[in-house]
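A.B. asks: Fold the following, please.
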Amino acid sequence: QVQLVESGGGLVQAGGSLRLSCAASGSIGSNSVMAWHRQAPGSQRELVASLTNGGRTNYADSVKGRFTITRDNAKNTLYLQMNNLKPEDTALYYCNVLIVAPPIRDYWGQGTQVTVSS
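C.D. replies: Alright, predicted model coming up:
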C-alpha cells in the first residue's frame, strides 16, 4: 500500500512561484510513473506533469517552460516547481503514482489547493 501526502499549496499572486511536495510512504518500486494532476472547479482533472523512473518527463502544453517536475528518491518525495503562475493555474493539485509492474496499482493523494490571484 502506498500513501501520498501533498503539501505546498497556497495563495499567490500572478507571476509568483510555489513548490508542491508529495511525500510517498510504502514501496513504489522501480517500475512506476509519478505525476501531478489538477482539477479546477467545473473542469475535468488533467495531467500537469509526469516523471518515469527512468527520468523521462512529460508536461501539459499549458505549463511547459514554467513548471518542473522532479523526484528525490532518497526522500521518496515528488516535487512540482511552479514559476510564473497564472490565474488559470488555479486548481486542486493531486499527486499520483502509477505502478506499472503487475499487479498494476494506481494511488492518489488528497490534493493541495493552489490559488493564483490576478
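A.B. asks: CA atoms for contacts and neighbours, from now on please.
C.D. replies: OK.
A.B. asks: so where's the protein uncertain?
C.D. replies: Counting by pLDDT under 70, the chain shows no low-confidence range.
A.B. asks: now the residue nearest the centre of it, what's its secondary structure?
C.D. replies: For the chain, the residue lying nearest the average C-alpha position, counting by Cα atoms, centre = their mean, turns out to be W36 (2.3 Å). Look at W36: counting by DSSP: H, G, I helix; E, B strand; the rest coil, its state is strand.
A.B. asks: Chain neighbours aside, what residue packs nearest to it?
C.D. replies: C95 (4.8 Å; Cα to Cα, 6 or more residues apart in numbering).
A.B. asks: and what of V100?
C.D. replies: S32 (5.4 Å).
A.B. asks: Mind listing the residues bridging to that neighbour?
C.D. replies: Beta-bridge partners for S32, by DSSP bridges, are I99.
A.B. asks: burial of it, as a residue count?
C.D. replies: The number of residues packed near S32 is 19, by other Cα atoms under 10 Å.
A.B. asks: Can you give me the distance of it to L51?
C.D. replies: As judged by Cα to Cα, to the nearest Å, S32 and L51 stand 9 Å apart.
A.B. asks: Tell me which stretches of the protein form strands.
C.D. replies: 3-7, 10-13, 18-25, 32-39, 46-52, 57-59, 67-72, 77-82, 91-99, 105-108, 112-117 (DSSP state E).
A.B. asks: partners of the fifth one in the sheet?
C.D. replies: For strand 46-52, the paired strands and their directions (DSSP bridges) read strand 32-39 (antiparallel), strand 57-59 (antiparallel).
A.B. asks: Same question for the first one.
C.D. replies: Partner strands for strand 3-7, per DSSP bridges, with pairing direction: strand 18-25 (antiparallel).
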